[in-house]
Every structure is written in C-alpha cells, then in structure tokens.
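Student: Sequence first, then the predicted structure:
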Amino acid sequence: MKDDDRQLDLCVKCGTCRTMCPVFRVTGEEGGVARGKISILQALYRGNTRFSEETLDFLNQCVTCGSCEFVCPRDVPFLQIIENARAKALRDGQISLSKKIALKLISGKRGISAAAGLGRLLPGDSGLQYKLPLIKRHIPKPGKSLDSLLPPFSPPLGRYRFDVLYFPGCAMRYLYTETAKNLVTLLNRLGVGVFLDFGQKCCGFPHLTAGDTKTFEQLMSHNNQTFSAFKDKIKYIVTACATCGSALKNNYELPVEILDINELLVDVLDAHFQLKSDKKRPVTRFHHPCHLMKHQHVKDQPEDILKEISDFGEMEGADFCCGFGGSFSVFEGELSRGIGDKKAEMIKQSFAETGIKEEVLVTSCPGCILQLSDSLKRNGIHVPVKHIVDVIIEYMEESHD
Ligand code: SF4
Ligand code: SF4
C-alpha cells in the first residue's frame, strides 16, 4: 500500500487530466476523471477500508485509455493505480468478473443466446470473452479463425531480408482475419518473412485492466514460452493490434523487440517512400488508437504512411478515445456508447467541413474499428472504417492495375 500511496501523492490536483478524459466528457463527474479517482483512493487506502459500491462504480468507469497519463504534468502512473485498485477489489472478493459479465449479458434482450453462440466460437481464455460489447451493438460475426485460413508457417531460410513472428491477437485471429492475411501479404511484398504460430494465446490486456493479474501472468508466461522458440530465427515480433502491442511492450519481458506494424513499416523499412505512386489516392483521416499513441507513443508513423498513399486530412478529436477499452465496453456499455457518440459527432463535423464524399476513416486497432463502426452506424454516419494495413494493400493493388 505504501507504493500506492507514493504514486497517489504525485498528483497535485491540477485538473489537467480533465481536458482529455472521455469519461469526464460524458458524465461531467469528478469521480470519472483521474484526479477524482485518486482523491477517493487516497481516502480509502488511508482508512484501509473496503471499497463501497459507489467507489467500485467510479473505478469501473475508466476506459484505461491513458489520456490522463499522456497530459499529466506530474507523470502520475494512473494506469498502474487503476490496475492495482481493481486487483484489490478482486482480491477482496468485491467483484466477480463472471457474475458481472453474466448479469450484463442477461440484461440485454438476446444477450444470453448471443453470448452462448459467441462463447461456442471463442476459446475460453480468449480476451474477447471480456472485450466484445455484445449488447445493442453492430459487431462483426466471428467467421473462420485465422488458423484455419493460414496454416502455421516458417519462411524458407534466407529467402527474405529478415523474418518476424506475427502476433495477431484475438480480434485479428477470430474477427478481422482478412486484415491479418493482408498483413502477411504486405510484409512479404516488402521482403519480410512472417512466421505464423498459433500456439499463442490472448495477450492478457483485458484481464490486466479488469484487475485479473493472475490470469494475465499465466497468459504472459505461456506466450513468452512460445516466443522463445523463435528467438534465434526472427528480428522482431510484429502486431497490428494496438492493444496487444501495448500489453506486450509495456508488461512482457520479451526475447526480441516487439514493433507495431506502423513502426516496422516506417522506422525499419522506410516503406512509406516505397509506396509512393501517381495513382488515384483515397481521402483519409486517421483515428489515433489510445493504445498506440498514448500507451506506445506511436503517432507520426501512420500519418507518414497516409500522407504518401492518400489525400490525408486532419480530423477534429483524432486523438480522442473511441470508448472501447478492454473490458470497459462490456461492464460499462452505456458509458462506452456515450463516448462513442461523442466521437461520432467529432468525425461527422470533420467530414462535413470538407464536403468530400469518398472518405475513409483509417485506424490501426481492431478494437477501435469495432467501436468506431458501431458508433458511426448508430449515429447514421456512413463513413467506412478501415485498418491501415487494408488501406495500404488496396492502394498497392490499385497501383498495379
Ligand atoms: S493531471 Fe496529473 S497531477 Fe493533475 S490532477 Fe490529473 S492526475 Fe493529478
Ligand atoms: S485512463 Fe482515460 S478514462 Fe480513465 S481516468 Fe484516465 S483519461 Fe479518464
């Protein structure tokens, strides 16, 4: 508890975090923002009391987007603080995750049948069990898993400039398999071999943010073992899921460096220059996933790519959280939708300002794609949302016509 106290005491209550907090933007309540949560935790830790129901609600009302940490002048490690608090609630038996999830699902109209159908398709330890916002949402139907579309693969020795191991993560493996296949195609075209290994499990981020550190550590240990088998064959581990990238980069002790696909393309391969062509360029705007920009500090690379291959435009609130956030969209569905609505409004304004019809909203995280697509559809805004990998592949294919 002493470490927690020290972390909490770094906060000088300046309120800068209020400027970026998506929960505060929707609720307007001090308990929604980092400063308010810190004040509540300070009082509770000093009194050494259990959390009240109201406190638990405030703790649950956090997307763990990291926006507060990103702007905090005192470097308060808020994400660590909230993880510790949620882990304490679990230890004290104050939150039963399965019960909470079950109650939320049952309260939806077709919740149980939808969950049961989905539950049959997903492995028991998949983070998607925590992540999917099942109630009243437009979500893609899980199809064939990546494993059945692309078999495990080892690139022939010496065929490529270097080789990487791909960590698709649950969403790419079960929902956005086309994007996962496109990533392999893209890297091969740029001279990079891609090892595919489906012994990997969920990165554990949803479990970590829900306070379930025990399951997180089991998943981390399992994944690290699978990575170690490749350590002498690969230069990097690569992912195109911002959430997985954040989990692996900030929590794992990896045998080789992990890179987000945007880092690999721009910082290592200079691919944005290679992609240049005179062909028709789509009009794009980019949503910065919190887990990419605020957790991994990757901001310029995707914009550099889009500036080369499209008519890239700025967007109001490009770095404002979409409201998805690990287990948040399940536990706090209404709030998650409220944040999604705010984001949709910002997107609508930017697109309406230019009057351009054929625009694409691009991002680089499957969770954001799911949430943004849902929010835009719910608000009657007809803008396609695509992963940057898919946009690059489409562009390459049009350039070769
Ligand atoms: S910005 Fe940082 S120091 Fe300021 S109130 Fe928020 S958490 Fe505290
Ligand atoms: S992590 Fe995001 S949602 Fe949570 S308090 Fe900070 S800014 Fe608000």
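Tutor: Arrived safely. Ligands and ions are numbered 1, 2, ... in the order given.
Student: Any residue of stretch 52-64 touching ligand 1?
Tutor: No: if you take C-beta under 6 Å from any ligand atom as the test, stretch 52-64 misses ligand 1, and the best it gets is 12.3 Å. C-beta here means a position set from N, CA and C on the backbone, and glycine is covered the same way.
Student: For that stretch, list every residue counted as buried.
Tutor: For stretch 52-64, a neighbour-count test (16 or more other C-beta atoms under 10 Å) marks 55, 56, 58, 59, 60, 61, 62, 63, 64 as buried.
Student: which two in those are spaced the farthest apart?
Tutor: Maximum pairwise distance among the buried residues of stretch 52-64 (C-beta to C-beta): 17.8 Å, between 55 and 63.
Student: for stretch 293-300, how far is the first residue from the last?
Tutor: One end of stretch 293-300 sits 9 Å from the other (C-alpha to C-alpha, to the nearest Å).
Student: Report the mean per-residue pLDDT for it.
Tutor: Mean pLDDT, stretch 293-300: 97.
Student: what do you get for stretch 307-317?
Tutor: 90.
Student: residue contacts, the residue of the stretch 151-300 of the chain at minimum distance from ligand 2?
Tutor: The minimum distance from the stretch 151-300 of the chain to ligand 2, using C-beta to the nearest ligand atom, falls at residue 290 (7.5 Å). Contacts for residue 290 were tallied using C-beta atoms under 8 Å, 6 or more residues apart in numbering; they are 63, 65, 66, 67, 242, 319, 321, 322, 325.
Student: Secondary structure added to those residues, as CSV?
Tutor: Shown next, in CSV, are the contacts of residue 290 (DSSP: H, G, I helix; E, B strand; the rest coil):
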residue, secondary structure
63, coil
65, coil
66, coil
67, helix
242, helix
319, coil
321, coil
322, coil
325, coil
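Student: I'd like those laid out as JSON lines, including distance to residue 379.
Tutor: Converted to JSON lines, the contacts of residue 290 look like this (distance: C-beta to C-beta, whole Å):
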{"residue": "63", "distance to residue 379": "19"}
{"residue": "65", "distance to residue 379": "20"}
{"residue": "66", "distance to residue 379": "25"}
{"residue": "67", "distance to residue 379": "22"}
{"residue": "242", "distance to residue 379": "23"}
{"residue": "319", "distance to residue 379": "20"}
{"residue": "321", "distance to residue 379": "17"}
{"residue": "322", "distance to residue 379": "13"}
{"residue": "325", "distance to residue 379": "19"}
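Student: Can you spell out the domain ranges of this protein, please?
Tutor: Domain assignment of the chain by automatic domain parsing yields the ranges 2-91, 146-268, 271-399.
Student: got the contact list for residue 217?
Tutor: residue 204 are the contacts of residue 217 under C-beta under 8 Å, 6+ apart.
Student: hang on, the earlier thing: dump the domains of the chain to CSV, plus distance to residue 140.
Tutor: Formatted as CSV, the domains of the chain follow (distance: least, C-beta to C-beta, whole Å):
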stretch, distance to residue 140
domain 2-91, 21
domain 146-268, 5
domain 271-399, 7
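Student: is it true that residue 31 touches residue 52?
Tutor: No: counting by C-beta atoms under 8 Å, residue 31 does not reach residue 52; the two are 11.7 Å apart.
Student: Need the nearest residue in space to residue 160, chain neighbours excluded.
Tutor: The shortest distance from residue 160 to any non-neighbouring residue, by C-beta to C-beta, 6 or more residues apart in numbering, is to residue 193 (3.5 Å).
Student: I'd like to know the beta-bridge partner residues of that neighbour.
Tutor: Beta-bridge pairing for residue 193 (DSSP bridges): residue 163.
Student: pretty sure residue 253 is in a strand, no?
Tutor: No: assignment of residue 253 by three-state DSSP gives coil, placing it outside any strand.
Student: Let me know the distance separating it from residue 199.
Tutor: Note on residue 253: its distance to residue 199, by C-beta to C-beta, to the nearest Å, is 19 Å.
Student: and if you look at residue 324?
Tutor: Counting by C-beta to C-beta, the gap from residue 324 to residue 199 is 27 Å.
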